[in-house]
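Chemist: fold the following, please.
(chains A and B)
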Amino acid sequence: GAGVSQSPSNKVTEKGKDVELRCDPISGHTALYWYRQRLGQGLEFLIYFQGNSAPDKSGLPSDRFSAERTGESVSTLTIQRTQQEDSAVYLCASSPTGLARNEQFFGPGTRLTVL
Amino acid sequence: SQQGEEDPQALSIQEGENATMNCSYKTSINNLQWYRQNSGRGLVHLILIRSNEREKHSGRLRVTLDTSKKSSSLLITASRAADTASYFCAVSTMEYGNKLVFGAGTILRVKS
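Modeler: Okay, the predicted model is just below:
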């Protein structure tokens, strides 16, 4: 079946512009995660959605970052007034339930470059 | 510092040799997972080991867990050039709820 998809695969933007990144999770997966990965580094947790529960936003680095998810489907991560330090690969993952006992299935990521 | 710290940071071996990567963590865990990442893109789940397990196998992969030392190791036997990738451990802990906390990873290069 289809895996997690993300779009765009690459995004180049100018400092100060807003960007929107999209994630389509695996159908039926109730949990969805966003991570940021800077060059040569590990994954940094950003936000977590589980069903209709309030999202866990504890990893968002600033109020310029926000994310939405409609039900158990598509999620969008929005970065407002982008800065050069926002340049990174943004990874989305989904999981059948929110329990971390389950593996996470990752999308290919969106590589964001802020000039 | 964060949970799930891997060592070494980088490892270079010849095809056919075994590769061992280690992961250390700080608090009690529910489980520990290993992932592989090719070319800086999406991660692929390799294996999950629960806190009450000591060893698991999957093909050429062997994972051990020592909760007394708060450490895990990933062994890849008879390595192949296609095993070249970054390998990450991730821990699920009570402290962090349903989130996985990832380490910085080990870069493995297998030379043919």
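
Chemist: please list the residues of chain A that sit near chain B.
Modeler: Taking C-beta under 8 Å from any C-beta of the partner chain as the criterion, chain A approaches chain B at residues A:4, A:31, A:33, A:35, A:37, A:39, A:41-43, A:45, A:48, A:50, A:56, A:59, A:89, A:91, A:93, A:98-101, A:103-109, A:111. For every residue, glycine as well, the C-beta is placed using N, CA and C.

Chemist: how near is the nearest residue to B:Ala19 once chain neighbours are set aside to A:Gly109?
Modeler: Of all residues not flanking B:Ala19 in the chain, B:Ile76 sits nearest, at 4.5 Å (C-beta to C-beta, 6 or more residues apart in numbering or on different chains). Per C-beta to C-beta, to the nearest Å, B:Ile76 is found 24 Å from A:Gly109.

Chemist: please name the nearest non-neighbouring residue to B:Leu108.
Modeler: B:Leu108 sits nearest to B:Leu11 (C-beta to C-beta, 6+ apart), 5.1 Å away.

Chemist: same question but for B:Ser71, I mixed them up
Modeler: B:Ser24 (4.8 Å).

Chemist: what about stretch B:80-93, average pLDDT?
Modeler: The pLDDT scores in stretch B:80-93 average 94.

Chemist: ignore what I typed, I meant stretch B:99-108.
Modeler: What stretch B:99-108 shows for mean pLDDT is 90.

Chemist: before we move on, what about stretch A:3-23?
Modeler: 97.
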